[in-house]
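Engineer: here is my input, please return the structure:
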Amino acid sequence: MAEAAGQAMALAVRMAAKDELTSDLRAAMEKRTVIDLATGIIMGQNRCTQDEAFKILMKVSSNRNVKLAAVAEEVVGRVSGSRDVQTHFDD
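Structural biologist: Alright, predicted model coming up:
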């Protein structure tokens, strides 16, 4: 009986770890998508390369001491006219 309880506990721990990893990956994909969208917007507005646009985002992030994803959300929000930026990963 103790062995079965141990196996059940091990399974519960593995499932919790999997759920946490899934959540972390989803969040990373959402942030990356917003950063990519903002990079594209900057490329269009400034007629620059992807690398140059990303450097602009990073510079703003650094100068404002704000996370890159937050700066990207602001850029996308201003263009879309929405403060609530959603990606296709949102539920």
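Engineer: when you work out contacts or count neighbours from here on, use the C-alpha atoms and nothing else.
Structural biologist: Will do.
Engineer: how far does stretch 62-76 stretch from one end to the other?
Structural biologist: 18 Å (CA to CA, to the nearest Å).
Engineer: now it: buried residues?
Structural biologist: 68-69, 71-76 (16 or more other CA atoms under 10 Å).
Engineer: outside of it, which residues touch it?
Structural biologist: For stretch 62-76, the surrounding residues in contact (CA atoms under 8 Å, 6 or more residues apart in numbering) are 31-32, 34-35, 37-39, 41, 57-58, 60-61, 83, 85.
Engineer: just those residues now: which is nearest A4?
Structural biologist: K31 (40.9 Å; CA to CA).
Engineer: distance of N65 from M58?
Structural biologist: N65 sits 10 Å away from M58, taking CA to CA as the criterion.
Engineer: check R78 too.
Structural biologist: Distance from R78 to M58, by CA to CA: 18 Å.
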